[in-house]
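Participant: heads up, no residue letters with this:
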């Protein structure tokens, strides 16, 4: 039952701008005819049915963290905002914990911890909305020890539009005899905005038994230890820089198998342009018994044969305190936000020395004036890679790193130069495979929660391998089958959406 008005909110209403301007990436903007705030599945059905009956292009938002212009699209006429849908509770009938699509990652972490002392390995930024996050697979700080958030998805409720143009809600679960099981499977990494509007998820471990909500998901860590180290650009020439990144890659390759005791350590290495002057590493470990020794050994491995890092900072804190405010300097945003372009790649092997030299060059080249340029590696692997590629829609099950080339800018006058830099950088890194990380023995494609419409551009992707293979490998045809069954009219679409077969 709805408790808030669900009328059309037009541009003369202050609530309109609150929804339309709720976007992490300020590069894109939209001016829909109206927006709808919804707080129940019934309200979503009504909003969808109205838009379909009117022939209006619709999209859905919750946290507003889409990296591309899928929601902030000038062609969109209706935005349905699910952010009021925030209930999190134990569902006795499903024997699972239900989370509505408008809850944020932080709100979900808090409810899971405070109510049941459990956790789902969600993403790194607490303001992300659950609706789009989980459908894309979702990985975060605990992925190496626990896997993806989608690996704990038991069920999903989705508002779909059938072939007759009727909106209704469908519940799909992982049960082998569920006739809607393929719709559940598609939401374990198929990406948001493809099949319908997610209104609710249900979480429990695949091997969970019984009805105790405190035992159906992994126990939350009691505490964690975080660390931060840095290197100055002035202390690193090209040779020592390459050695540092080679050391980092070698450690990741040695310690990304699920049997490694060091999957308990997660890190993010960020290389900023020379104007920033620093290379940072931030990380954490959930192995409290050996945290200090583990961190020391990790940094010693990175520093071997090169200039040692400085400004080491180690802190112990509760899991929840960290999860609600992780690495504040990393996620701090300037007033008004930023425009950004993120180009993602999943790596099965470390980059080569030649590729590290390309990183060095693009971080230091002076013909580009791109202060907001950055390059990074997030730790991956561990229990993520214990799941078969086709068991979920998340096909990247052999990666040891998630790598990204990023550009961020504050003024529109900086956009063209920033895009030119980040596109040239990424294309140079993967020059041997047509400018993109074609799945092979070294690369694992790309991650749909970090979408990049450049992969559609045949001038930037000269590999001959379509974007759909980069994101979904062999799972794409199966996803198309789900699309044809549940969204035959292609109501739910965007630039990288699953195509009706």
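Facilitator: Happy to help now that I have it. Fair warning: this is a prediction, and the values are worked out from it, not measured in the lab. Numbers count the residues shown, from 1 in each chain.
Participant: so what's the residue positioned nearest the centre of the chain closest to, chain neighbours aside?
Facilitator: Note on the chain: the residue nearest the mean C-alpha position is residue 449, at 4.0 Å, using Cα atoms, centre = their mean. Leaving aside its chain neighbours, residue 449 sits nearest to residue 136 (3.5 Å; criterion: Cβ to Cβ, 6 or more residues apart in numbering). Just so you know, the C-beta spots here come from the backbone N, C-alpha and C atoms, and that holds for glycine as well.
Participant: What are the phi and psi values at the one you found?
Facilitator: Taking degrees, to the nearest 10, you get phi -90, psi 0 for the backbone angles of residue 136.
Participant: How much space separates it from residue 445?
Facilitator: Distance, residue 136 to residue 445, using Cβ to Cβ, to the nearest Å: 14 Å.
Participant: go on, residue 374?
Facilitator: Taken as Cβ to Cβ, the span from residue 374 to residue 445 is 22 Å.
Participant: for residue 255, same thing?
Facilitator: 22 Å.
Participant: Same drill for these two, tell me which one is more crowded.
Facilitator: residue 445 (27 against 20; other Cβ atoms under 10 Å).
Participant: on that earlier part again, I'd guessed the residue nearest to residue 449 sits against residue 448; true?
Facilitator: Yes: with contacts counted by Cβ atoms under 8 Å, residue 136 reaches residue 448, the gap being 4.9 Å.
Participant: what is in contact with these two at once?
Facilitator: 189, 190, 191 (Cβ atoms under 8 Å, 6 or more residues apart in numbering).
Participant: And these, which is closest to residue 316?
Facilitator: residue 189 (33.5 Å; Cβ to Cβ).
Participant: Counting neighbours, what do you get for the closest one?
Facilitator: For residue 189, the count of nearby residues is 30 (other Cβ under 10 Å).
Participant: That one: what's it in contact with?
Facilitator: 135, 136, 137, 148, 150, 392, 393, 394, 395, 448, 475.
Participant: so what pLDDT did it get?
Facilitator: Per-residue confidence (pLDDT) for residue 189: 98.
Participant: quick one: contacts for residue 204?
Facilitator: Counted by Cβ under 8 Å, 6+ apart, residue 204 has contacts 95, 96, 97, 152, 154, 216, 217.
Participant: Now do the helices in the protein.
Facilitator: Counting by DSSP state H, residue ranges of the helices within the chain are 14-20, 41-53, 105-116, 130-135, 143-146, 181-186, 238-254, 291-303, 319-324, 328-331, 353-364, 415-429, 467-472, 476-486.
Participant: how many other residues sit next to the nearest residue to residue 483 once chain neighbours are set aside?
Facilitator: In this structure, residue 483 finds its nearest non-sequential neighbour in residue 498, 4.4 Å apart by Cβ to Cβ, 6+ apart. By other Cβ under 10 Å, the residues close to residue 498 number 28.
Participant: tell me, how many neighbours does the closest residue to residue 240 other than its chain neighbours end up with?
Facilitator: Counting by Cβ to Cβ, 6+ apart, residue 240 lies nearest to residue 306, which is 4.3 Å off, once chain neighbours are set aside. Residues near residue 306, counting by other Cβ under 10 Å, number 20.
Participant: Now do residue 306 against residue 231, distance only.
Facilitator: Counting by Cβ to Cβ, the gap from residue 306 to residue 231 is 8 Å.
Participant: shared neighbours, the two?
Facilitator: Residues touching both residue 306 and residue 231 (Cβ under 8 Å, 6+ apart): residue 244.
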